[in-house]
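1. Kindly generate the corresponding structure for this input.
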Amino acid sequence: MNILITGGTGNIGSRLLIPLVQRGDRVFLLDVRSRPHVESPESKQVEVIQADLGDREAMFEVVRSRQIDSIFHLGAVLSSNAEDQPSEAWKANMDGMVHVLDAARSHGVKRVVFSSTIASYGAGLASPLSLDAPQWPVSLYGVTKVAGERLGNYYFHRFGLDFRAIRLPVVVAARGAAGGASAFCSAVFEESVFHGKYEFYVPPETRSPMLYIGDVVRGFVDLHDAPVAGLRHRVYNITGMNPSAEELAAAVQKRLPQTRISYQPDPLRTAIVQSWPSQIDDSDARRDWGWKSTWDLDRMADTIIEALQNELAGKQ
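-> All right, here's what the predicted structure looks like:
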């Protein structure tokens, strides 16, 4: 298949391309950046197209000229950056969504898989959070993701476009994404390995549902490949673990005992993170397309710290 990944050089996209290339798909990355966030042998086998999601003509040209079969639409301005740059967030997240869907419909794309988020929900909801819980987000990022879900669902019913989406919890990785309110979940590992200390900008008891990047990539591929007949929804929640900031710190200090951990909560970012549910019901994904998380906190901590230590050793 010819597959386009928007936001393709980012944290998820640069890792998602790996299994797609390995199985023989021809992969194109569309992003404002020219280099993948994580480089791999597979990333050297893809074409990177530098373009802005807000550029409608560029989107149509890429989809047409590369004869795209499927799109993974991951590109977006993330939560903290969206609060600082609302106009840019609207352009990328909303105009970009329309451009992706219109280009897909106009040029015969078979499937669009969208990266949504638990930030599309609001505060004060029952736990564990059900798939059909009310969505009243407290961040602009969450607002644009709700709208993206609704637009995709509309294009499915109105035009027959096979739209699918995953509402992701916090994504944790070695060299994880910056710019989101949840960046602390990856940064605590990086700063601890490279600098021996980390200061959380959320209180120690702050608890977030999260997934290791390996599970995230597998989730996107599995949902993309799932037979349409088994899907009862267009949008699914998935989740894995839900440690607190304090438990993340303990996992780091267990492996790096000299690490100094402190807390200096930032009101804005704390409010965003604490508005998210602490537990998620992903039974619909488990039933419809066989979703199951395979990474727990210990396995994740071991894997991330080993990767970062190997990176550090390579620089010395």
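2. What distance do you get for residue 137 to residue 36?
-> Per Cβ to Cβ, to the nearest Å, residue 137 is found 29 Å from residue 36. The way it works is simple: take the backbone N, C-alpha and C, and place the C-beta from them, glycine included.
3. cool, residue 215 as well?
-> 20 Å.
4. got it, and residue 213?
-> Taking Cβ to Cβ, one finds residue 213 at 14 Å from residue 36.
5. residue contacts, the residue lying closest to residue 203 once chain neighbours are set aside?
-> Setting aside the residues directly before and after it, residue 203 is nearest to residue 265 in space (Cβ to Cβ, 6 or more residues apart in numbering), at 5.1 Å. Residues near residue 265 by Cβ atoms under 8 Å, 6 or more residues apart in numbering: 200, 201, 202, 203.
6. and what of residue 278?
-> Counted by Cβ under 8 Å, 6+ apart, residue 278 has contacts 127, 207, 208, 209, 242.
7. Make a markdown table out of those residues and add neighbour count, distance to residue 161 and pLDDT.
-> Shown next, in a markdown table, are the contacts of residue 278 (neighbours: other Cβ atoms under 10 Å; distance: Cβ to Cβ, whole Å; pLDDT from 0 to 100):
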| residue | neighbour count | distance to residue 161 | pLDDT |
| --- | --- | --- | --- |
| 127 | 13 | 33 | 81 |
| 207 | 20 | 37 | 89 |
| 208 | 24 | 32 | 87 |
| 209 | 24 | 29 | 91 |
| 242 | 19 | 33 | 92 |
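8. Farthest-apart pair in those residues, please.
-> Within the contacts of residue 278, 127 and 208 form the most distant pair, 12.5 Å apart (Cβ to Cβ).
9. Give the ChimeraX command for selecting the buried subset of the contacts of residue 265.
-> Remark: buried members of the contacts of residue 265, expressed as a ChimeraX selection using 16 or more other Cβ atoms under 10 Å:
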select :200,201,202
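10. For the contacts of residue 265, give me a markdown table that also has pLDDT and distance to residue 78.
-> Listed next are the contacts of residue 265 as a markdown table, based on pLDDT from 0 to 100; distance: Cβ to Cβ, whole Å:
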| residue | pLDDT | distance to residue 78 |
| --- | --- | --- |
| 200 | 96 | 18 |
| 201 | 95 | 15 |
| 202 | 95 | 16 |
| 203 | 96 | 21 |
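11. Need the max-distance pair from the contacts of residue 265.
-> 201 and 203 (9.4 Å).
12. Tell me where the stretch 1-150 of the chain has strands.
-> Per DSSP state E, counting those that start in this stretch, the stretch 1-150 of the chain carries strands over the ranges 2-6, 26-31, 47-50, 70-73, 111-117.
13. cool, and the stretch 151-300 of the chain?
-> Using DSSP E, counting those that start in this stretch, strands in the stretch 151-300 of the chain cover 162-168, 170-172, 197-200, 210-212, 235-237, 260-263.
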